[in-house]
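K.L.:
here is my input, please return the structure:
(chains A and B)
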There are 2 protein chains.
Amino acid sequence: MELKTKILNWDAGFPVAMLNKKTASSIGVNTGDRITLKTYSSHPHEVSTITNTTTKLVRTGEVAVSSELREQLGLKRGQKVEIKLSPIPKSLNLIKKKLNKNRLSQKEIDEIISDVVNNSLYESEIALFISAMYKQGMTMKETIYLIKSILKYGNKLDLKDKSMRSKLIVDKHGIGGIPGNRTTPIIVSICAAAGLIMPKSSSRAITSAAGTADVIETFAHVEFSMQDLKKIIKKTGACMVWGGALEMVPADSKIIRVEKMLKIDPEAQLLASIMSKKLAVGSKYIVIDIPYGKTAKVNKEGALRLKTKFEYLGKYFRRKLKVILTKADGPRGDYVGPALELIDILNILDPNKEGPKDLEEKSLLLAGQLLEMTKKAKKGEGINLAREILESGEAFKKFKQIIETQGGRIIKIKPGKFKKNILAKKSGRIYEIDNKKISLLARIAGCPTDKFAGLHIPFNTKDLVKKGEKILTIYAESKSRLNEAVKFYKKEKPLKIK
Amino acid sequence: MELKTKILNWDAGFPVAMLNKKTASSIGVNTGDRITLKTYSSHPHEVSTITNTTTKLVRTGEVAVSSELREQLGLKRGQKVEIKLSPIPKSLNLIKKKLNKNRLSQKEIDEIISDVVNNSLYESEIALFISAMYKQGMTMKETIYLIKSILKYGNKLDLKDKSMRSKLIVDKHGIGGIPGNRTTPIIVSICAAAGLIMPKSSSRAITSAAGTADVIETFAHVEFSMQDLKKIIKKTGACMVWGGALEMVPADSKIIRVEKMLKIDPEAQLLASIMSKKLAVGSKYIVIDIPYGKTAKVNKEGALRLKTKFEYLGKYFRRKLKVILTKADGPRGDYVGPALELIDILNILDPNKEGPKDLEEKSLLLAGQLLEMTKKAKKGEGINLAREILESGEAFKKFKQIIETQGGRIIKIKPGKFKKNILAKKSGRIYEIDNKKISLLARIAGCPTDKFAGLHIPFNTKDLVKKGEKILTIYAESKSRLNEAVKFYKKEKPLKIK
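P.N.:
Below you'll find the model as predicted:
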């Protein structure tokens, strides 16, 4: 049945279509059922979506779409769309096969991923897939299938331009889990200043307070078309964008959305998420940052296991790949939160300012590795070259150029207008800062959606503090978020003094 | 923040609230976040819900609610509601605890079930709970906790009326999985005619084409208040209603909703779902019907395991409980579908008509058990007494009384207006009718939501058919559903001739 698009100014959080009850019943669709929408604008484009129904808001002959569905299909007011009942997705049975401990073939994983990309699976069904990966694990073979599948149903960045082909495409990725560990903008600036090509695409936060994309977005655009992205890279040698917008790995973005709700991040999906992004942009030299520790995403044993797997994947896909393990006893830098972390970054990049040393050294270590792998520096000399580029102001210049090319500008960060200082109740040594609780605290304060919410943590683990001294500040954009966060802090005590 | 209710004429399939973006941002809420709504109409009532946002459809100072949320809170246009950010539910961690193979305590299961009831968990989080129960199993102890918890967060039917207290409250429940196995209306009519009290509440279909509630709803009401229900039982000695409406086991209804999407039905939840319903209505004598077979819900081994568990639960809760195992090689009766199954039921109940023998005998067997357990018949004589009540027309009279008291009347069933006859391609013996494929076929044809959709299957397994003879008819309420069903039939061949 052909219907006219009605734009309803409605954010549902995921793609939804609203039909008049009469229209719905004439095609045999009920509330909650899946329907398929097909458009013919440039080329045929078909996606599935969930049905809502009404007797008033939408007339017969019309279909109202949520903003998420409008964006996915690029729909315009009045545009004609073909609507039909979606068949029951076969991939649900494949997900159950995995849940029952069977291995999946490339074809089977392709089927699941294709259904994820065109919305044929409910969120609860994607949750089942995540739960199956989490509980049953995936073999390296299945993980490779997953990576190939995510790439197959996505776009690749093709830097075939002569001026760039001769250059060295590098990339860096962290597994996350450490609040404030925002090394990417510093590493990208140093590497691009050194003449390397670094097309950095990042995810938004999954279980953390902020992802790199969330941070950059506070003062520059992070969503570009593939064509515009190439222009940015050609001009600056780098970029710092959100991978999701490029539809390079749309399956990954959708799975991550549900992982966010469940706060579960299965290992195979973590490996596939990172590797597929690195492969989609064509990186040849890759550094993987794995922080470990008591309250990090992984302990040392887990970090070593991940290292082996990443190295295996690097070899399989023929990339030069290096994994760096670092111990992380607490957050890095002084600030946590999408906008607030920028304060640390600017203080480090600006040669006239002083930034937090822990974050600076970590960034230099990783940038140094890339400089060595690409022979820009001799073995053992990478970190020194990185420091030189940073201290000369070259990195800061490059950073500003990238931000400006991405339509942004350096702004002065003003934290959320509601704040609460937490004071030390006694003098002593800080013996624990719990990464997970710090992340959760920042999230309750509104991160990552409230950009200017976050935390200021001026101390590191093992530092001495005096009674009454300010050990943490919570910033929020609303009173209710601040109250929830303070309540959580008092109950959970993420920072302990002995 | 206090807002005015706007009724939006909007079926979303689950409770959703829509806020103006300005309102949302002032309380720190983003699209997809959970908020808590509190009303003070009769007594304070608080539930959680998912947020949608808009800049146009809803003004600041207003909150628009989906019909599901309106019903849950009994909201009226303009009614004032207090809105705040929901805290992150603690039960998500408990669900993960289960997923990681730990046992849950009564208190922990209470926390999960309470969050399910007040909407504090996303569908994807409930999916995770279902997946955890499915993968890790639940001990009998946990199953008992689950039953107690479901009962705790629900209403009980209290038949304290003197005229009923002296009588015998009986109940029957099947585990499902056999299309057309609609014994309930026949058993209820026989037992009530024999003077037993049978307050039967049923679920709607989970993975099948129709549940008893779906069938009765085609020609009578199945949703009543507790007060009205008591009146019906007092008058007729029985009822056939949807348990969900009574809010006796609201947690069960919500979990079943997600199970429907996932098409997974973990054993502990199956046990808890049935037992909690039987306990909520106060049944003292219970018969459990477990059909087994190659394409049934369970094989013989599984049936025996379930039997042991049901018997254990019966003892634990001090009920007289009998489990009947029957082999089921294919659908029972001739029709499948909410309205169509009524044709079989009326043909069996009406002494002047001839109904399908397999369904009739099965119903008599189960009714006979209840008559023996309550000493209405001597041991071994139950089935004969049941047959007598059926053949005398007493059961039919009772059936009509119950239906009329539930505001319905016996109607002539006219199957869905679109139909397709499937003819035998060769002569031979029917050697397999796949229950699961038959259910799926009926569902694709529109069951259980399209009441008059369904199947006619005039043969049973082992019957002989001639080439060209009609072996199956598919009925649908829309052309598109019929086409999908025919396509499915051709591909899956649920009925095989040798």
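K.L.:
contacting residues for A:Leu271?
P.N.:
A:Thr143, A:Ile147, A:Leu306, A:Lys309, A:Phe310, A:Leu313 (Cβ atoms under 8 Å, 6 or more residues apart in numbering or on different chains). Placement of C-beta: from N, CA and C, glycine included.
K.L.:
do A:Ser427 as well
P.N.:
A:Leu464, A:Val465, A:Lys466, A:Lys467, A:Ile497.
K.L.:
now the two most distant members of those residues.
P.N.:
Using Cβ to Cβ, the contacts of A:Ser427 span at most 11.4 Å, a distance reached by A:Leu464 and A:Lys467.
K.L.:
ok, whatever residue of the stretch 201-350 of chain A ends up closest to chain B - how many residues close by?
P.N.:
As assessed by Cβ to the nearest Cβ, chain B sits closest to A:Met261 within the stretch 201-350 of chain A, at 5.0 Å. When neighbours are counted by other Cβ atoms under 10 Å in any protein chain shown, A:Met261 registers 20.
K.L.:
cool, A:Val58 as well?
P.N.:
25.
K.L.:
so in terms of bridging, what pairs with A:Gly432?
P.N.:
To be clear, residue A:432 is Glu; Gly isn't right here. A:Lys496 (DSSP bridges).
K.L.:
residue contacts, it?
P.N.:
Here A:Glu432 is in contact with A:Thr295, A:Asp329, A:Gly330, A:Thr461, A:Leu495, A:Lys496 (Cβ under 8 Å, 6+ apart).
K.L.:
how close does the residue of the stretch 201-350 of chain A closest to chain B get to B:Ile433?
P.N.:
Distance of A:Met261 to B:Ile433, given as Cβ to Cβ, to the nearest Å: 41 Å.
K.L.:
quick check: residues of the stretch 251-400 of chain A near chain B?
P.N.:
Residues of the stretch 251-400 of chain A lying near chain B by Cβ under 8 Å from any Cβ of the partner chain: A:Val258, A:Met261, A:Leu262, A:Lys263, A:Ile264.
K.L.:
quick check: the fourth one touching A:Thr207?
P.N.:
Yes - using Cβ atoms under 8 Å, A:Lys263 makes contact with A:Thr207 at a distance of 5.2 Å.
K.L.:
follow-up on the earlier one: so which of the contacts of A:Glu432 is the closest to A:Val336?
P.N.:
Closest to A:Val336, out of all of those and judged by Cβ to Cβ, is A:Gly330, at 10.7 Å.
K.L.:
now do the closest residue in space to the closest one that isn't next to it in sequence: how many residues are near it, please.
P.N.:
What sits nearest to A:Gly330 in space, not counting adjacent residues and going by Cβ to Cβ, 6 or more residues apart in numbering or on different chains, is A:Ile433, at 3.3 Å. Neighbourhood size, A:Ile433 [other Cβ under 10 Å]: 23.
K.L.:
and the contacts of A:Ser427, which of them are buried?
P.N.:
Neighbour-count burial (16 or more other Cβ atoms under 10 Å in any protein chain shown) is assigned, among the contacts of A:Ser427, to A:Val465, A:Ile497.
K.L.:
just the ones of the contacts of A:Ser427 in helices?
P.N.:
Here DSSP state H is the test, and the contacts of A:Ser427 give no hits in helices at all.
K.L.:
adding distance to B:Asp450, write the contacts of A:Ser427 out as CSV.
P.N.:
Compiled in CSV, the contacts of A:Ser427 are given as follows (distance: Cβ to Cβ, whole Å):
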residue, distance to B:Asp450
A:Leu464, 72
A:Val465, 68
A:Lys466, 72
A:Lys467, 71
A:Ile497, 65
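K.L.:
distance of the residue of the stretch 201-350 of chain A closest to chain B relative to B:Ala251?
P.N.:
Distance from A:Met261 to B:Ala251, by Cβ to Cβ: 20 Å.
K.L.:
same deal with A:Met133?
P.N.:
On the measure of Cβ to Cβ, A:Met133 and B:Ala251 end up 27 Å apart.
K.L.:
one more: A:Gly177?
P.N.:
34 Å.
K.L.:
these two: who's more crowded?
P.N.:
Using other Cβ under 10 Å as the criterion, A:Gly177 and B:Ala251 rank with B:Ala251 on top: 25 against 22.
K.L.:
any idea which element the more buried one lies in?
P.N.:
helix B:250-262 (DSSP states H and E).
K.L.:
which helix or strand lies directly C-terminal to that helix?
P.N.:
helix B:267-280.
K.L.:
got a winner among the residues of the stretch 251-400 of chain A next to chain B for most neighbours?
P.N.:
In those, the most neighbours by other Cβ under 10 Å go to A:Val258, 27 neighbours.
K.L.:
what is the mean pLDDT for the strand ranked longest in chain A?
P.N.:
Taking DSSP state E as the criterion, chain A has its longest strand at strand A:45-54. For strand A:45-54, the mean pLDDT works out to 90.
K.L.:
got it, and stretch A:90-104?
P.N.:
92.
K.L.:
now look at it and say if it contacts chain B.
P.N.:
Yes - using Cβ under 8 Å from any Cβ, stretch A:90-104 reaches chain B at A:Leu92, A:Lys96, A:Leu99.
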